[in-house]
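Visitor: sequence-free structure coming up:
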């Protein structure tokens, strides 16, 4: 029995009469995810949703003020955020205003030294430098005090943001914010998407491929819901990416040996955006804006190299911090915790959210990862699995906090450094009745025979994939696994085939090597996976990317190999363990009959030999001839030279003692007189040894199938 790492959740889709164009389950998904209507499913081009930018109440006022500043050559400052959404928003608006010959510059704060959003010191510098219009992108909706500074100095402020607005709104000439503006029909634009609507209004609707591409990068990078207008934006942006001439993006793809023609949302989400995020996490994010807008080939190559180096450093540091954090967890009784707090003054603040997410994935409990800032306070990130509302727990413990914010699954916080243990205890008390679950939502349950290129084409009707429109996870039941092998630089991944009847499809399980010993032959498994196309040497094949595996079958895990046992012993779940510590096969049967485990582990077997008859005779003759004498080291050495080990010698002596032909008293061996021939094989000790030898030989030499047959008969009794 192999337990899954996740709780698989499948909600049956609303039923409807299939249109017969795509697989019925794909058609249901399209409608259930509200990607469009039945009519739009018939014609995918009509499923594009796009809203008039002037539905924003302040759009005309914002456009008029920007054009006024451009005509008068006023100094305009674009103030962005340091993540991929913020830097692409900044690049998009900066590029557009430069096209109108505006006198414009940009500023992105340092994540660690300045923190998120506008800050008063920077705004005062803009005032002193003569800027008369400040435009915030992907930030600003919470900048109450900073906005007041600009008002007092007669500097206009335009806020372009998408973050959740609070009760008090900053004073500004105009606010473009999809959630704040009740007149706009879609609430979930990212910062880059919101900025694109301003650019659309400025350009009178004539958006370029480059505009769509930059907005798409920020939208995918910020993991907003890819429905409604966002889905259309990303579709158009991906099409633009595939033909882009942007030297910065092409230089990144070249470093990764990825063709822009083959780029999709996965390329963006897992290859491009992490690199756009890296500078903001590690140092200065402004380099990303320069990379995205530069037309100088040499400069672009240099900037791309710097960004790549920062990303490599980010990955290395993240891995190091994660390993250190996991070591700390080993010292905690994590089974009794709903949230764990981990702290080191040496950790990089910009990486703590990633580390916290990895801790959640590894342990299933919420994680708060902290470091010390320049003010001596603890600052960090919190992440939680489904079932634990971390922001609610922080609200109930805000007496420990200087500052916090976030949502049920992710938050940021700042606190004093002398209350960590007390804070952790209080959080766990608040969350005591929470039920954390690492869920995976299953979208389709298919048969292996359904997996072909047609189903892949049907699934791609739902694309582009992302938040609220994830690539479908497919569940396959009752399959076998064959041709297993480890792959990867450190052999951390698994490659194999899944089979059902005569159908076999290649599969890969990233970071799945720890499951190797559980993927036994003659076992039926269920898997959840993504269906993909793997192209190698111009040949395309279907491949399953496995997410999780489970089996309810009776299983025998054979780790009789000492090296294999040492490798897995510390991480194995509870199983019925077979070794030769039982007295005999009957005792083994009884123990298994009383167990409740459905998985059996065969442990390494200690070889146990039975002395031969001539060895009994040899020992008796020497004792009979030399007795009485003490059983000292010299005697032991003598018998070992005769190929009778100390353990075997002691056993023979005890058998003779039991049948009454010698005695050991005060360490002295002596022969007892006897008038009849004694059969030493009648000794209980001798008979027990025979039974243990039989058990050992069976466990050492029997095949898994023979052991399975032996236990299956018992299983039928159970």
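Guide: Thanks, I have the structure now. The shown structure was predicted, so the numbers you read here are calculated from the model rather than taken from an experiment.
Visitor: From here on, just use CA atoms for contacts and neighbour counts.
Guide: Fine.
Visitor: Three-state assignment for residue 35, please.
Guide: At residue 35, secondary structure determined by DSSP: H, G, I helix; E, B strand; the rest coil is coil.
Visitor: Can you list phi and psi of the spatially closest residue to it that is not a sequence neighbour for me?
Guide: Spatial nearest neighbour of residue 35, chain neighbours left out: residue 227 (6.2 Å); criterion: Cα to Cα, 6 or more residues apart in numbering. Here is the backbone geometry of residue 227 (degrees, to the nearest 10): phi -130, psi 170.
Visitor: Buried by neighbour count: which residues of the strand ranked longest in the chain qualify?
Guide: Longest strand in the chain by number of residues (criterion: DSSP state E): strand 474-487. For strand 474-487, burial by neighbour count (16 or more other Cα atoms under 10 Å) applies to 474-477, 479-482, 484, 486-487.
Visitor: Tell me which helix or strand the residue positioned nearest the centre of the chain sits in.
Guide: The chain has residue 361 as the residue nearest its centroid, 5.2 Å off, counting by Cα atoms, centre = their mean. Element membership of residue 361, judged by DSSP states H and E, is helix 352-363.
Visitor: What's the first helix or strand after that helix?
Guide: strand 366-372.
Visitor: Contacts made by that next one with the rest, please.
Guide: With contact meaning Cα atoms under 8 Å, 6 or more residues apart in numbering, strand 366-372 is reached by 338-349, 352-353, 355-357, 359-360, 378-385, 388, 390.
Visitor: Is it possible to mark the buried ones in the residues you listed?
Guide: By 16+ other Cα under 10 Å, the contacts of strand 366-372 give 338-343, 347-349, 352-353, 355-357, 359-360, 378-385, 388, 390 as buried.
Visitor: Which members of these occur in strands, if any?
Guide: Of the buried ones among the contacts of strand 366-372, the ones assigned to strands by DSSP E are 339-343, 378-383.
Visitor: how about those residues in TSV, adding distance to residue 556 and pLDDT?
Guide: Formatted as TSV, these follow (distance: Cα to Cα, whole Å; pLDDT from 0 to 100):
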residue	distance to residue 556	pLDDT
339	35	93
340	35	93
341	38	93
342	38	94
343	41	93
378	49	93
379	48	91
380	45	90
381	42	92
382	40	92
383	37	93
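Visitor: Rebuild the residues you listed as JSON lines, extending it with distance to residue 195.
Guide: What follows is those, written out as JSON lines (distance: Cα to Cα, whole Å):
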{"residue": "339", "distance to residue 195": "38"}
{"residue": "340", "distance to residue 195": "38"}
{"residue": "341", "distance to residue 195": "37"}
{"residue": "342", "distance to residue 195": "37"}
{"residue": "343", "distance to residue 195": "37"}
{"residue": "378", "distance to residue 195": "34"}
{"residue": "379", "distance to residue 195": "30"}
{"residue": "380", "distance to residue 195": "29"}
{"residue": "381", "distance to residue 195": "27"}
{"residue": "382", "distance to residue 195": "29"}
{"residue": "383", "distance to residue 195": "29"}
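Visitor: looking at the chain, which helix or strand is least sure?
Guide: helix 704-717 (a mean of 73; mean pLDDT, DSSP states H and E).
Visitor: Next, the buried residues of it.
Guide: Across helix 704-717, burial judged by 16+ other Cα under 10 Å covers 708, 711.
Visitor: Contact partners for the residue nearest to residue 212 when sequence neighbours are not counted?
Guide: Of all residues not flanking residue 212 in the chain, residue 237 sits nearest, at 4.5 Å (Cα to Cα, 6+ apart). By Cα under 8 Å, 6+ apart, the contact set of residue 237 is 209-210, 212-217.
Visitor: Average pLDDT for the top helix by length along the chain, rounded please.
Guide: Counting by DSSP state H, the longest helix found in the chain is helix 297-329. Taken as a whole, helix 297-329 carries a mean pLDDT of 92.
Visitor: helices or strands up against that helix?
Guide: helix 247-255, helix 273-282, helix 286-293, strand 339-343, helix 352-363 (3 or more Cα pairs under 8 Å, 6 or more residues apart in numbering; DSSP states H and E).
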